[in-house]
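J.: no sequence for this one, just the structure:
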């Protein structure tokens, strides 16, 4: 029942985000997402707790459309990824770091591209993208039960943020709207996979 509640909240918010005319609804649905996930998988690791709290703060901040709201959301999610990275690093398995260098290299390239596209917000956007890439790299080193779910969630998080960055800084018109509509479904799935996979990996 708890999982179904999170799925309903995620679906409702994804639809509301796609419609783009339901600001009052999203104050409820988006704000409820991370608390609902905390009910599904209460974080036992402090890093995962920081990730959940930072994500919630970022969700609330990004209900606004201003540059200030975006910077606040960016900072909140950067803190979240630092928490996730610390937690995932503690579950790193020996000899599992073959993918770290290519992931970080790809993240650096993506960070540079988005930093150029973001204009005045280029530096914080670039730093955030590198931090996100580091989290994905850390996820690639987790082994055991739940490991594939954790990495899949981290990769989906990168997809979600790439869609957000593209819709805000690169695309326009219908293409931007299509990209924007994909942000919340991939984000909600990413968070679910990261948290449930991590809890499974800890036993």
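T.: It's in. No experiment lies behind these values; they were computed from the predicted model shown. Residues are numbered from 1 along each chain as shown.

J.: What ranges in the chain fall below the confidence cut-off?
T.: 21, 203 (pLDDT under 70).

J.: how near is the residue nearest the centre of it to residue 43?
T.: Compute the mean C-alpha point of the chain, and by C-alpha atoms, centre = their mean the closest residue is residue 157, 4.1 Å away. Distance of residue 157 to residue 43, given as C-beta to C-beta, to the nearest Å: 16 Å. Bear in mind the C-beta positions are built from the backbone N, C-alpha and C, glycine included.

J.: one step back: wait, what's in contact with the residue nearest to the centre of the chain?
T.: 132, 135, 136, 186, 187, 190, 191, 194 (C-beta atoms under 8 Å, 6 or more residues apart in numbering).

J.: Just the closest of those to residue 30, please.
T.: residue 187 (9.9 Å; C-beta to C-beta).

J.: The closest one touches residue 160, doesn't it?
T.: Yes - the criterion here is C-beta atoms under 8 Å, and residue 187 meets it with residue 160 at 4.1 Å.

J.: of the two, who's got more company?
T.: residue 187 (26 against 21; other C-beta atoms under 10 Å).

J.: just to revisit the earlier point, hang on, the residue nearest to the centre of the chain is in a strand, isn't it?
T.: No - the assignment for residue 157 by DSSP: H, G, I helix; E, B strand; the rest coil gives helix, which leaves it out of any strand.

J.: oh, and call the first residue 35 from now on, that's how I've got it
T.: Okay, residue one is now 35; in that scheme the one you just asked about reads as residue 191.

J.: Show me what the top helix by length along the chain is packed against.
T.: Ranked by residue count under DSSP state H, the longest helix found in the chain is helix 101-123. In terms of contacts (3 or more C-beta pairs under 8 Å, 6 or more residues apart in numbering; DSSP states H and E), helix 101-123 is packed against helix 80-95, helix 156-173, helix 181-199, helix 217-235.

J.: gap between the first one and the chain center?
T.: If you compare the mean C-alpha spot of helix 80-95 with that of the full chain, they lie 10 Å apart, counting by C-alpha atoms, centre = their mean, to the nearest Å.

J.: Equivalent analysis for stretch 128-135, please.
T.: 22 Å.

J.: Quote the end-to-end distance of it.
T.: Using C-alpha to C-alpha, to the nearest Å, one end of stretch 128-135 lies 15 Å from the other.

J.: Run through who's touching that stretch.
T.: 171, 174, 175, 176, 177.

J.: Same question for stretch 221-236.
T.: With C-beta under 8 Å, 6+ apart, stretch 221-236 has contacts from 40, 44, 47-48, 67-68, 71, 74-75, 77-79, 82, 85-86, 89, 118, 121-122, 125, 173, 176, 178-191, 193-194.

J.: hmm, try it at 6 Å
T.: Residues from elsewhere that reach stretch 221-236 (C-beta atoms under 6 Å, 6 or more residues apart in numbering): 44, 71, 75, 82, 125, 176, 178-181, 183-184, 186-187, 190-191, 194.
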